[in-house]
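# Following is a predicted model, sequence given first.
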Amino acid sequence: MIKLEGVSKIFKGDVVALKNATAEIQRGEFVFLVGPSGSGKSTFIRLLNREEIADEGRIMVAGKDLSSLSSWKVPYLRRNIGYIFQDYKLLPKKTVYENVAFGLEVIGRPRQVIRQQVPAILELVGLARKAERLPDELSGGEKQRVSIARAFVNRPMILLADEPTGNLDPGTSVGIMRLLDRINRSGTTVVMATHDRGVVDTMRRRVIELDRGVITRDESRGVYE
Amino acid sequence: MLYRLWYYVRETLVSLWRNLSLTLAAILTVAISLSLVGASLLIREGAARATAQFQEGVEFIVFMVADASPEQDAAIRNVLDSSPAVSGYTYVDKAAAYEEFQRLFADKPELIESVTPAVMPPSYRIVPANPDAGNVAEMARQFGEQPGVKEVATATEAIRQIEDFSTRVSQALLVAAVVLVGVSTLLILNTVFTAIGARRQEIEVMKLVGATNWFIRIPFMLEGTIHGLAGAALAIPALYVVDSQVLAYFQESDAVPLFRGFAVPDGFVWDTSIWLLVIGGLVGMIGSAVAVTRFTDV
Ligand SMILES: Nc1ncnc2c1ncn2[C@@H]1O[C@H](COP(=O)(O)OP(=O)(O)OP(=O)(O)O)[C@@H](O)[C@H]1O
Ligand SMILES: [Mg+2]
């Protein structure tokens, strides 16, 4: 599903964000990316979504070679990839329902599909009764559920998560991780960058550790350190 | 498909509304600049028609009576061909005169109906070797005394003044218009840029979930195009005001002799309106296209 071969990313000013990284992630895997701040976790994720382009090496995502993917095809690649963030990136003037529907609307999905799928996904993330709330009227955990709903409503093959529990207390984080686990068990490949030791240690899934852009550890059923 | 169309329209309207003050400024600037473009074109056309018979150095016209005999005609022609004071002339026969009349009065069918080629006076349009006013007047007097000549019309000082004046006015308007069209383009660019800025978050999300570039851009381009078209639409009434007030003013002044009206046919005003819409739409599209390609790229 995802394959990196000797991938390097160097930002201007000789900042090495990723160096000669090689890894393969199978369909349906759940992978944690760990490492100190600045070690390249976000860069790793952004490369998979083609927000960044690798300077060296080859990246395959969902059968596509990203270095030779023409830019007009990028949106279609992204329709197969859900993406969630530490800061949720919800639109403040839209309701929960509208935020989720927006993700389908702007990729041209027909209205009846939207009417059908949005309530279903809100049910899945446990927010069916808060569909008409605005983001400001939600807790952090609820906001993250909305963002997961938006990322997953199109049933992507891959879900990328950049510190999704970074702003949440441990109890709320557990709920979010349950949800991601459930999504993963339905067949979606999940790649999640995190600093959250508790989450990594209880989930016991594959762990890839980065240090200054270099992969220093890759264990199936690993722990944070 | 219809749903997507509705999406574009809705997003465009919302954006126009949110940006109301800049939107109005952009529309008004387009309206003013296109009014100037239109006025300049109308005045030029009006002047060209008013002085149509006096172009390319023609200083006076010898109109023959409609039933001039071939001998009378030959006598005039003989003088024209042999006189060193005449550097050139063209002969306009009845048919050509009628044709010209039809063209100049295309918007006054009742006038055209009232004449036939047979009653149109044939004429000689004469370019003198020496265009000095005194000389022209003297030559005109001499031709006027020839048998078979109905009348001699000279390019009076008044006609020259009209020509000069309208050329200067229309050029000044055109320069101002070109500058303002540039300003309008920048203003539209800026308005669309502001609209893009106001929706940065939405655009970011759209890119993340895989909306295509065109899907993101089209509402903004529509917005700019609407600015341009709305401005042009406001400029069109101004065009009719120029036609009915300014040009009419020239028409009523006695400066223009014979049937040379300082008027443009309604068809020309109509064509000019279409052009204004085209220019307005293009200005809007170009301004917004620059804004979207520069500020919404992946
Ligand atoms: N757009 C950019 N331009 C320049 N340098 C960048 C850019 N993005 C990241 N970097 C640099 O690349 C390195 C890796 O950054 P990255 O964001 O991937 O780290 P991270 O592991 O996600 O850190 P954190 O845990 O703090 O989120 C850092 O040194 C960072 O400063
Ligand atoms: Mg990061």
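Arrived safely. Numbers count the residues shown, from 1 in each chain, chains lettered A, B, ... in the order given. Ligands and ions are numbered 1, 2, ... in the order given.
# Buried residues of the helix ranked longest in chain A, list them for me.
Selection of the longest helix in chain A by residue count, based on DSSP state H, yields helix A:170-185. For helix A:170-185, the neighbour count (16 or more other C-beta atoms under 10 Å in any protein chain shown) marks A:Thr172, A:Ser173, A:Val174, A:Gly175, A:Ile176, A:Met177, A:Leu179, A:Leu180, A:Ile183, A:Asn184 as buried. For every residue, glycine as well, the C-beta is placed using N, CA and C.
# Also stretch A:184-198?
When neighbours are counted by 16+ other C-beta under 10 Å, the buried residues of stretch A:184-198 are found to be A:Asn184, A:Thr188, A:Thr189, A:Val190, A:Val191, A:Met192, A:Ala193, A:Thr194, A:His195, A:Asp196.
# the domain parsing of chain B - what is it?
When chain B is parsed into structural domains using automatic domain parsing, the resulting residue ranges are B:2-51+B:160-293, B:60-155.
# which parts of chain A sit against chain B?
Those residues of chain A that sit near chain B, judged by C-beta under 8 Å from any C-beta of the partner chain, are A:49, A:71-72, A:74-79, A:81, A:83, A:89, A:91-92, A:102-103, A:105-108, A:110-111, A:150-151, A:154.
# Show only the entries of these found in helices.
With helices taken from DSSP H, the overlap with the residues of chain A next to chain B comprises A:Val74, A:Pro75, A:Tyr76, A:Leu77, A:Arg78, A:Phe102, A:Gly103, A:Glu105, A:Arg111, A:Arg150, A:Ala151.
# Let me know whether the second one touches B:Trp214 as I believe.
I take that to be A:Pro75. No - counting by C-beta atoms under 8 Å, B:Trp214 is not a contact partner of A:Pro75; they are 9.6 Å apart.
# more crowded one of the two?
A:Pro75 (23 against 11; other C-beta atoms under 10 Å in any protein chain shown).
# got the contact list for the more buried one?
Residues counted as contacts of A:Pro75 (C-beta atoms under 8 Å, 6 or more residues apart in numbering or on different chains) are A:Ile107, B:Lys207, B:Gly210, B:Ala211, B:Thr212, B:Asn213.
# For stretch A:181-195, report the contacting residues that lie outside it.
A:1-2, A:25-34, A:37, A:41-42, A:44-45, A:48, A:82, A:124, A:148, A:152, A:155-166, A:180, A:200, A:203.
# show me the contacts for the nearest residue to A:Arg212 once chain neighbours are set aside.
Closest residue in space to A:Arg212, ignoring its immediate chain neighbours: A:Ser39 at 6.0 Å, by C-beta to C-beta, 6 or more residues apart in numbering or on different chains. For A:Ser39, the contacting residues are A:Leu210, A:Asp211, A:Arg212, A:Gly213, by C-beta under 8 Å, 6+ apart.
# burial of B:Ser184, as a residue count?
As a burial measure, B:Ser184 scores 29 neighbours (other C-beta under 10 Å).
# Quick check: it touching B:Val283?
Yes - with the criterion set as C-beta under 8 Å, B:Ser184 and B:Val283 qualify as a contacting pair; they are 5.6 Å apart.
# so what sits against both of those two?
B:Val30, B:Gly228, B:Gly231.
# Which positions in the stretch 1-150 of chain B make contact with chain A?
Counting by C-beta under 8 Å from any C-beta, the positions of the stretch 1-150 of chain B adjacent to chain A are B:Tyr3, B:Arg4, B:Tyr7.
# related to what we said a few turns ago, and the residues of chain A next to chain B, which are buried?
Among these, the ones that count as buried by 16+ other C-beta under 10 Å are A:49, A:74-75, A:77-79, A:81, A:83, A:89, A:91, A:102-103, A:105-107, A:150-151, A:154.
# Next up, the contacts around the residue positioned nearest the centre of chain A.
Nearest to the centroid of the C-alpha atoms of chain A, with distances taken as C-alpha atoms, centre = their mean, sits A:Leu160, at 1.6 Å. When contacts are counted by C-beta under 8 Å, 6+ apart, A:Leu160 touches A:Ile45, A:Leu48, A:Asn49, A:Ile81, A:Gly82, A:Tyr83, A:Ile84, A:Val191, A:Met192.
# who's the closest residue to the first one other than its chain neighbours bridged to?
In this case it means A:Ile45. Once its chain neighbours are removed from consideration, A:Ile45 has its nearest residue in A:Leu160; the separation is 5.0 Å (C-beta to C-beta, 6+ apart). Partner residues in beta bridges with A:Leu160, using DSSP bridges, are A:Tyr83, A:Val191.
# What pLDDT is listed against A:Leu160?
Per-residue confidence (pLDDT) for A:Leu160: 97.
# now swap in B:Arg260 and tell me
Predicted confidence (pLDDT) at B:Arg260: the value is 47.
# tell me the mean pLDDT for stretch B:235-248?
Stretch B:235-248 shows a mean pLDDT of 80 in the predicted model.
# And stretch A:36-54, by the same measure?
The predicted model gives stretch A:36-54 an average pLDDT of 95.
# Name the nearest residue to A:Thr43, ignoring sequence neighbours.
Nearest to A:Thr43 is A:Ala17, by C-beta to C-beta, 6+ apart, at 4.0 Å.
# On the three-state scheme, that neighbour is what?
With DSSP: H, G, I helix; E, B strand; the rest coil as the basis, the three-state label of A:Ala17 is strand.
# Give the burial count for it, as a bare number.
Neighbour count of A:Ala17, defined by other C-beta under 10 Å: 23.
# Spell out which residues of chain A are next to ligand 1.
Selection of chain A residues close to ligand 1 by C-beta under 6 Å from any ligand atom yields A:Phe11, A:Val15, A:Ala17, A:Gly35, A:Ser37, A:Gly38, A:Ser39, A:Gly40, A:Lys41, A:Ser42, A:Thr43.
# show me what contacts the fifth one?
When you say that, I think you mean A:Ser37. A:Ser37 is in contact with A:His195, counting by C-beta under 8 Å, 6+ apart.
# For the chain, which residues score under the pLDDT cut-off?
With no chain named, the answer covers chain A. Residues of chain A meeting the criterion pLDDT under 70: none.
# that's the wrong chain, I wanted chain B
Scanning chain B for pLDDT under 70 picks out the ranges B:1-2, B:52-58, B:107-108, B:131, B:133, B:156-160, B:246-263, B:296-298.
# what's the longest helix in it?
With secondary structure taken from DSSP H, chain B has its longest helix at helix B:157-198.
# is any part of it close to chain A?
No - Helix B:157-198 does not reach chain A (C-beta under 8 Å from any C-beta); its nearest approach is 11.0 Å.
# and that helix, what other elements does it pack with?
When contacts are defined as 3 or more C-beta pairs under 8 Å, 6 or more residues apart in numbering or on different chains; DSSP states H and E, helix B:157-198 packs onto helix B:2-18, helix B:20-50, helix B:213-241, helix B:266-295.
# any idea how far the second one is from the chain center?
Its chain's average C-alpha position is 11 Å from that of helix B:20-50, according to C-alpha atoms, centre = their mean, to the nearest Å.
# Which of the residues in it are classified as buried?
Of all the residues in helix B:20-50, those buried under the rule 16+ other C-beta under 10 Å are B:22-23, B:25-50.
# and whichever helix or strand comes after that helix, what does it pack onto?
Read in the C-terminal direction, the helix or strand following helix B:20-50 is strand B:60-64, with elements assigned using DSSP states H and E. Contacts of strand B:60-64 with other secondary structure elements, assessed using 3+ C-beta pairs under 8 Å, 6+ apart, are made with helix B:70-82, strand B:123-128, helix B:133-144, strand B:149-154.
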